[in-house]
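>>> Need a 3D model of the sequence below.
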Amino acid sequence: MFRYIIRRLLTAIPVILLVILATFVLVQSMPGGPFDVVGFKSMPEHIKIVLERKYGLDKPLYEQFARYVLNIFKGDFGPMFRQPSQTVRDIIGQTFPISIQLGLMSVFVAFSLGIPIGIIAALNHNTFIDYTATFAAVISRSIPVVVLAPLLIYVFVVQLDWVPIAFWGAHPPFFLGFIPKIDQEFLSHAILPVFSLGTGAAAGVARLTRAGLLEVLSSDYIRTARAKGLRERVVIVVHALKNSLIPVVTILGPLLAAILTGAFVTETMFAINGMGRRFVNSINSREYFLQTSLVLIYGLLLIMGNLLVDIMYAWIDPRIRYD
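Numbering: from 1, shown residues only. Here you go, the predicted structure:
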């Protein structure tokens with residue numbers, strides 16, 4: 001297993017370099033530059049030339065890319081054009097814990113709701129409960145965040161005034177920077193963003209759980225376990241459920257990356273100071289280094305998520321070995 005993990009990490013290096021190269025070229029191919037957008041239109045041309053020379057933007061693209069990659073290994077992700085007092089590393093340090101909190105809490109909600117609903121639907125196959133759960137899953141999956149978030153804000157904030165409309169709570173994170181201080185104030189800020197981001201994913205998890213469990217329940221070894229006189233609870237929990245979760249585990253890595261990238265809309269809707277919102281704002285301001293660095297982080301998260309899925313395969317299915 002250890003050799004397999006090292007091999008996967010080594011093969012991820014060229015993938016990450018290609019991701020950085022593609023992003024670096026694309027963001028710099030956009031029309032205009034960081035000193036041509038709103039706020040710098042009245043800047044004299046000679047001042048613009050001096051600033052481009054200061055940040056190395058007058059160099060050839062290949063030289064800029066090589067310098068950026070070398071600086072990454074030194075822990076330097078580049079400067080901010082609009083906020084010279086801060087660097088990209090400072091922005092990532094401020095926003096990364098918030099986005100990770102939002103993403104992990106949304107994934108937790110997705111699996112906490114999706115797996116039980118899928119199990120209930122599968123155990124009540126072709127009944128009213130099954131049809132209701134399937135219909136609710138399809139509806140939840142069909143409503144995008146850009147529609148669900150304003151609807152939740154209108155109902156629970158504007159009409160009922162139960163929770164705050166925006167932001168991510170007043171308490172800073174603690175313990176490795178990721179686990180927030182769970183109290184009433186934090187939950188009041190987090191419940192709507194997490195629910196709007198996690199329900200769509202929960203619908204997909206529920207459908208996969210239902211399909212996987214139905215397939216396993218028709219297997220020969222399940223019929224054998226029932227013929228031995230085992231209780232139905234033991235048959236479901238011990239023999240059927242573990243194997244039925246293989247399709248669900250498969251989507252864990254892509255789901256984590258999808259939720260984090262889907263947070264672009266959620267963080268913007270709820271004015272959360274996360275990586276997604278900063279990425280959207282950086283497009284208009286042509287913050288080249290910030291855009292490239294955030295895409296790099298999302299790529300790393302996707303690779304680590306897929307590696308986690310492969311490791312969980314070996315735990316769930318004893319037939320899988322990486323030796």
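
>>> Distance of residue 306 relative to residue 257?
Note on residue 306: its distance to residue 257, by Cβ to Cβ, to the nearest Å, is 9 Å. Every residue, glycine included, has its C-beta placed from N, CA and C.

>>> Low-confidence stretches in the stretch 101-250 of the chain?
Along the stretch 101-250 of the chain, segments meeting pLDDT under 70 span 169-183.

>>> what does the helix or strand where residue 53 lies rub up against?
Using DSSP states H and E, residue 53 falls within helix 45-54. Applying Cβ atoms under 8 Å, 6 or more residues apart in numbering, the contact partners of helix 45-54 are 33, 35, 36, 40, 57, 58, 81.

>>> from those, which single one is nearest residue 267?
Residue 267 lies nearest to residue 81 out of the contacts of helix 45-54, by Cβ to Cβ, at 21.5 Å.

>>> In three-state terms, label the residue nearest to the closest one when sequence neighbours are not counted for me.
For residue 81, ignoring the flanking residues on the chain, the nearest one in space by Cβ to Cβ, 6 or more residues apart in numbering is residue 34 at 4.0 Å. Secondary structure assignment for residue 34 (DSSP: H, G, I helix; E, B strand; the rest coil): coil.

>>> Now residue 34. Its backbone dihedrals?
With angles defined as degrees, to the nearest 10, residue 34 sits at phi -60, psi -20.

>>> give me the number of residues near it?
The local packing of residue 34 (other Cβ atoms under 10 Å) involves 21 other residues.

>>> in this structure, which spans are helices?
For the chain, the helices defined by DSSP state H cover 2-28, 45-54, 61-73, 88-123, 128-142, 145-152, 184-217, 220-227, 232-234, 241-244, 246-250, 252-269, 275-285, 288-316.

>>> contacting residues around the fifth one?
What that stands for is helix 128-142. Contacts for helix 128-142 (Cβ under 8 Å, 6+ apart): 117-118, 120-122, 124, 199-200, 202-204, 206-207, 210.

>>> Any buried residues in that helix, and which?
130, 133, 134, 136, 137, 140, 141 (16 or more other Cβ atoms under 10 Å).

>>> check contacts around the nearest residue to the fifth one once chain neighbours are set aside.
It refers to residue 137. Nearest residue to residue 137, sequence neighbours excluded (Cβ to Cβ, 6+ apart): residue 203, at 4.0 Å. With contact taken as Cβ under 8 Å, 6+ apart, residue 203 is in contact with 114, 136, 137, 138, 139, 140, 141.
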